[in-house]
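Colleague: Quick one, structure for this:
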Amino acid sequence: GVRQLEKALSAIIRKTVMAKVQGTPYPKRLNKERVEELLGIPRYTKGHYEGNDFAGVVTGLAWTAVGGEILYIETSISQGKGEKLTLTGNLGNVMKESATIAYQWVKSHGGQYGLAADDFENAQMHIHVPEGAIPKDGPSAGITMATSIVSAFTGRKVKGRLAMTGEITLRGKVLPVGGIKEKILAAKRAGITDIILSSENKKDISDIDQKYISGLVFHYVDTIAEVIGLALLDEKASI
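Modeller: Okay, here's the model as predicted:
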């Protein structure tokens, strides 16, 4: 990353010097538009919030070796005989286990959301995490997957500009996760305004400089039922 930054700065300096030598007007200060003019269109795009029009699509937060990122959990339900859970998106074993636990919790507590046993027995569920070329793993997507599953089954909208991170147990307890600072920065870059975390992660937020968390509202939870109560609206998704 540092080497690529050095190359980009060198390219800007060379082109500025060339302009000066040729007598071409050039700005003494660089802004975003001038940098793009000198270096071309951005090669990489940061994650951005994509809205909440679709039922079953929930925004999660992930830690990576180069910082935090937002990721989307997508769940679709189709009619079919026998229970079947399909997972795609280049997921590691931990995320696959999180999906199974999330599904089992929703199945056990479906009555709270107006779901009957037949709804699960006659449904085939597909959970997908986009950008399948990128391997994904880690214990932080359990609550996101559970919320996505409930949203897909009920058709309820997810609250706008909301993201979450946390793991769950079979009894529905929300566990704390790591990489909070990086995830918070990713959320701010993406335009997220509300974040759901385990109550045990509250101490991590107190260690972050106020300027990084300004404008964010944190919701601390202990159970997945609390997560779904915060995340899902009574309104049905239009798509």
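
Colleague: hey, where'd the helices end up in the protein?
Modeller: Counting by DSSP state H, the chain has helices at residues 2-22, 32-39, 93-108, 117-121, 142-154, 180-189, 202-206, 210-213, 224-231.

Colleague: With respect to burial, which of the ones you listed scores highest?
Modeller: helix 142-154 (a mean of 27; mean count of other Cβ atoms under 10 Å). Any C-beta I mention is one placed from the backbone N, CA and C, and that applies to glycine too.

Colleague: so how far is that helix off the chain centroid?
Modeller: Relative to the centre of its chain, helix 142-154 is centred 13 Å away, using Cα atoms, centre = their mean, to the nearest Å.

Colleague: Lowest mean pLDDT among the helices and strands of the chain, which one is it?
Modeller: Among the helical and strand segments of the chain, the one scoring lowest on mean pLDDT, DSSP states H and E is helix 32-39, with a mean of 85.

Colleague: which helices and strands sit right next to it?
Modeller: helix 2-22 (3 or more Cβ pairs under 8 Å, 6 or more residues apart in numbering; DSSP states H and E).

Colleague: Check the average confidence over the helix it packs on, would you?
Modeller: Mean pLDDT, helix 2-22: 88.

Colleague: gap between the least confident helix or strand of the chain and the chain center?
Modeller: With Cα atoms, centre = their mean, you get 29 Å for helix 32-39.

Colleague: Just the C-alphas of that helix, formatted as CSV.
Modeller: Backbone C-alpha positions of helix 32-39 (Å, rounded to 0.1, in the frame of the first residue of the first chain) are rendered in CSV as follows:
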residue,chain,number,x,y,z
LYS,A,32,-9.9,15.6,-5.6
GLU,A,33,-10.9,16.6,-9.2
ARG,A,34,-7.3,17.5,-10.1
VAL,A,35,-5.9,14.3,-8.7
GLU,A,36,-8.4,12.3,-10.8
GLU,A,37,-7.3,14.3,-13.8
LEU,A,38,-3.7,13.5,-13.2
LEU,A,39,-4.0,9.8,-12.2
